[in-house]
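> Pasting the sequence and the predicted coordinates here, then a few questions.
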Amino acid sequence: KARASWKGKSLDQDQAHIIELVNQHKAQLSESFQGYDKKQITTKAVVLSDGKKQVETLKAGQTGLLLTEETCFYAESGGQVGDQGEISSASAHAEVLDCTKQDGAHVHHIKVIEGELNTSEPLKLKVTDSLRRQTACNHSATHLLHSALKKVLGDHINQAGSLVEPQRLRFDFTHNKPVTKNEIEQLEKLVNQQIQNSRSVVVEEMTQKQALEAGALALFGEKYGDQVRTIKMDDFSFELCGGTHVSNTAEIRLFKIVSETGVSAGIRRIEALTSDMAFNYMDNLGKENLELRQSLGLSKSWNEHLESPHHDLLQFVEKQKEQIKDLKKELKAAAKNQISVDDIIAQAEVLSSKAGEVKFVMTPLAIEDRKVLSELADQIRDKMGTSIVAIFGESSSDSCPALVTVSKDISKQIKAGDLLKTIAGVMSGKGGGRPDFAQGAVSDMSQFDEAKAKAIEMIKA
């Protein structure tokens, strides 16, 4: 919530001010990121800002920017979000809402919680361990997923973007069709096998040339320096990466794909969960499944779930859907049979119109289903011959279905769509359609008699 709130405020940040701030104090910034090995350090402040201008102090409740000589906070880059955490001094305590990078310098976006933060006192920087750990799990899992995609879908797969945050990972890749259910299962199996194998995550720094010659995967369009950092997970994954990672694949615990969608032409997107998030997701689904089974009387022992992948719950649901479909058909037939077509025809009036004599009937019916109403309207019209039929159904909502049908021999002179618009205009509704058939909805049935009078007037005109 704090990050979301800050992001909203940061839209007003003067980016030019940040650039100027970094340039002015470049000589004092060691640009030394200690966060790969440490999650807390003590350092000195270089400069404070309220987001618009340099200041000497920030008081409780104020937000701003802080640049330090060193930092353990990872700055947002390479798809990985910036770290969050806290900063404390002898006279103040502040939250780090985000950390971004400007020209190599780490910019801490902070909010002072207590006291008064200034540049004269040593600062203790501390990254929120749980968020860093979950982010690291997701970043390492992203590398495993990338390799698994190439193995399952083919070498044409290339990364087209990513987002790594504590809650989830998102991976965009080049592929010209949806990933099938079977392929998703293969991807999950491959990644989880690497997690279960408990492979050490080997981090090395070398020249870019050495890394590429060793087979490290470099992302297209990404800028790398002469000296690069490589992340290797056994023989399964080997990439250039500056992000934070687990030290052993077992720390990821569990990998679960929760979404696969298309982003644009030739680009697909996978969203997945790891570690605690994945466990909580699977645990919630499992509890829901068991509760549903108990409610439906489909309970079975735990070992039956392990012995074979029974789909009896799915089969039960499909069977119920078919039964509901059949019952709806029966209800429609029953509703239709309750209506006497002859009684409705007996209400018809013979009117003189520009198309000659026509029979006209307009009536409400205690039926909600539009299909049944349409079938009845056609049946009444066909039985009367040269005729116009306007019928209204009932509804549990504020608006009631309205249909008008006109026999084809007079549909050029008297159009169903025009007639319905006139009726609906009186009854607070709207509608339209073909010359011989129109439908819509009305909400004021109290104006039925006035609408009928308007319809008769229009037919006679």
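Perfect, I can see it now.
> for R293, phi and psi?
Main-chain torsions, R293, degrees, to the nearest 10: phi -60, psi -40.
> wait, it sits on S301?
No - in this structure, R293 is not within contact of S301 by Cβ atoms under 8 Å, at 11.5 Å. Using the backbone N, CA and C atoms, a C-beta is placed for each residue, glycine as well.
> Compare these two (neighbour count), which wins?
Counting neighbours by other Cβ atoms under 10 Å for R293 and for S301 shows that R293 has the greater number, 15 against 8.
> residues in contact with the more buried one?
Going by Cβ atoms under 8 Å, 6 or more residues apart in numbering, R293 touches 299-300, 313.
> Which secondary structure state is assigned to the residue positioned nearest the centre of the chain?
Centroid-nearest residue in the chain, with Cα atoms, centre = their mean: S259, separated by 8.9 Å. Counting by DSSP: H, G, I helix; E, B strand; the rest coil, the backbone at S259 sits in strand.
> any idea how far A218 is from it?
Between S259 and A218 the computed distance is 27 Å (Cβ to Cβ, to the nearest Å).
> again, but for M362
Remark: distance between M362 and A218 (Cβ to Cβ) = 74 Å.
> Tell me the secondary structure at S198.
Secondary structure assignment for S198 (three-state DSSP): coil.
> tell me the pLDDT at the closest residue to the residue nearest to the centre of the chain other than its chain neighbours?
Leaving aside its sequence neighbours, S259 sits nearest to E271 (Cβ to Cβ, 6 or more residues apart in numbering; 4.0 Å). On the pLDDT scale, E271 is placed at 98.
> same question, the one 3 residues further on
We have a pLDDT of 98 for T274.
> Please give me every residue in contact with it.
134, 137-138, 141, 169, 252-256 are the contacts of T274 under Cβ under 8 Å, 6+ apart.
> related to what we said a few turns ago, the residue nearest to S259 belongs to a helix?
No - counting by three-state DSSP, E271 falls outside a helix, being strand.
> Pull out the buried residues from stretch 21-30.
21-22, 29 (16 or more other Cβ atoms under 10 Å).
> Pull the residues that contact stretch 176-185.
Taking Cβ under 8 Å, 6+ apart as the rule, stretch 176-185 contacts 152-153, 187, 257, 260, 262, 266, 268, 270.
> In it, which residues are buried?
Quick answer for stretch 176-185 (16+ other Cβ under 10 Å): 179, 183-184.
> Could you work out the end-to-end span of it for me?
Distance between the two ends of stretch 176-185: 19 Å, counting by Cα to Cα, to the nearest Å.
> do stretch 387-400 as well
23 Å.
> what's the spacing between that stretch and its chain's center?
Relative to the chain's own centre, stretch 387-400 is displaced by 37 Å; criterion: Cα atoms, centre = their mean, to the nearest Å.
> Mean confidence (pLDDT) on that stretch, please.
The model assigns stretch 387-400 a mean pLDDT of 86.
> For burial, what's the neighbour tally of E56?
For E56, using other Cβ under 10 Å, the count is 11.
> Pretty sure it sits against T119.
Yes - the pair E56 and T119 passes the contact test of Cβ under 8 Å, sitting 7.0 Å apart.
> Tell me where the chain has helices.
2-10, 15-24, 129-153, 181-196, 208-213, 275-296, 302-307, 312-338, 341-345, 370-384, 416-426, 448-460 (DSSP state H).
> Just send the ones you listed back as CSV, with distance to L48 too.
Formatted as CSV, the helices of the chain follow (distance: least, Cβ to Cβ, whole Å):
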stretch, distance to L48
helix 2-10, 16
helix 15-24, 10
helix 129-153, 24
helix 181-196, 43
helix 208-213, 37
helix 275-296, 35
helix 302-307, 58
helix 312-338, 59
helix 341-345, 82
helix 370-384, 67
helix 416-426, 66
helix 448-460, 72
